[in-house]
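Engineer: Need coordinates for the following:
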Amino acid sequence: MPNDPITDTRDPLHPILHGTPELGRSLQPPVWAGITGLAAVILLAALAIPPLISRGKDQRPDGSQARPPTATAPATATAPAASMPPTGGASPHVGPSATVGGAPPVATPDRGTPRSAKGSSSPSRTTPPNANPPTRFTTVTVQAENPANSLSEGAIPVSCGTCDGGARVRYLGRITVYLNTNVAGTRTVTVTYELDGNRRVKVAVNNAAPTTFSLSGTDWKQPMTFSFAAPIPAGRTAITFYNDEGDCPDIDKVTVS
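Structural biologist: Have a look, this model is predicted:
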């Protein structure tokens, strides 16, 4: 039987499209290399084209580079400077500071310190403190047996259980009692004595004319008193007791009040 040339002839594209295992393995490396190169071209185009587009926008027709506009800060409103006040007048008082878009500040006059009708400020009144406040008189008591006193003409101190201070002065001839007062004036002088019977005593204040007192008592252990008024100066005072005509009572103490 004769051979059919058509059926016996093989398709020349079949090995290329379908190929044999050996032919397919030989075509795999070029295919992957082409795909990798195409991807690299796409990546480079994506990176290079946008800068070229933006550069074309910023470039002027003459080829020079256009600079982007510089942002400027908005202008702020400033308050007008306050005018100098006239000589001798009151200083103006500037109100709150102006804000952007607001009205300028308004100057308000300062009324200052109110003055009196004559144009001068009223002087302050202060009450001066009392430089010398009044001093109250202090009562003074001196014992007759005090060593600072003067005893003469036989007068001596003796013990006394009923006397103030535990002693008194007996056997007068003469005794001068010294005391100090803080305020001058007419004071009451009180003398405490002891006596059994009737006797007299003369009293002189600061060498003034003496005054004679007639005294009486019932016991040498019973304190008695007599008083008189006399001008007593501030400072030291001397009061003398004596009797140049007879015996004196015993003296216990002297009080000026």
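
Engineer: So for the nearest residue to Glu245 once chain neighbours are set aside, what's the pLDDT?
Structural biologist: Once flanking residues are discounted, Glu245 sits nearest to Arg200: 7.3 Å by Cβ to Cβ, 6 or more residues apart in numbering. Backbone N, C-alpha and C define where each C-beta goes, glycine included. With respect to pLDDT, Arg200 scores 96.

Engineer: For Arg200, give its distance to Tyr242.
Structural biologist: Distance from Arg200 to Tyr242, counting by Cβ to Cβ, to the nearest Å: 10 Å.

Engineer: now do Ile156
Structural biologist: As judged by Cβ to Cβ, Ile156 and Tyr242 stand 15 Å apart.

Engineer: who's more crowded, these two?
Structural biologist: The residue with more neighbours, out of Ile156 and Tyr242, is Tyr242; 19 against 12, by other Cβ atoms under 10 Å.

Engineer: Quick check: bridge partners of that one?
Structural biologist: Arg174, Lys202 (DSSP bridges).

Engineer: hang on, the earlier thing: list the helices and strands the helix or strand hosting the residue nearest to Glu245 packs on?
Structural biologist: Element membership for Arg200 (DSSP states H and E) is strand 185-205. Strand 185-205 sits against strand 211-232, strand 235-242, strand 250-256, with contacts defined as 3 or more Cβ pairs under 8 Å, 6 or more residues apart in numbering; DSSP states H and E.

Engineer: Need the overlap of contacts for Arg200 and Tyr242.
Structural biologist: Listed as contacting both Arg200 and Tyr242 by Cβ atoms under 8 Å, 6 or more residues apart in numbering are Cys248.

Engineer: from memory the residue nearest to Glu245 sits against Phe213, does it?
Structural biologist: Yes: with contact defined as Cβ atoms under 8 Å, Arg200 counts as touching Phe213 (6.7 Å).

Engineer: out of these two, which sits in the busier spot?
Structural biologist: A count of neighbours by other Cβ under 10 Å puts Phe213 above the other of Arg200 and Phe213, at 18 against 14.

Engineer: how near is the more buried one to Ile239?
Structural biologist: Distance, Phe213 to Ile239, by Cβ to Cβ: 13 Å.

Engineer: Report the set of residues contacting both of these two.
Structural biologist: Residues touching both Phe213 and Ile239 by Cβ under 8 Å, 6+ apart: Val203.

Engineer: Find the helix or strand that Asn146 is a member of.
Structural biologist: Under the criterion of DSSP H and E, Asn146 resides outside all helices and strands.

Engineer: so what's the backbone phi/psi at it?
Structural biologist: The phi and psi values for Asn146, taken as degrees, to the nearest 10, are phi -60, psi 130.

Engineer: switch to numbering from 22
Structural biologist: Happy to do that; since the first residue is 22 now, the last one works out to Asn167.

Engineer: Distance-wise, check it relative to Gly194.
Structural biologist: Relative to Gly194, and taking Cβ to Cβ, Asn167 is found at 17 Å.

Engineer: Cool, thanks, signing off.
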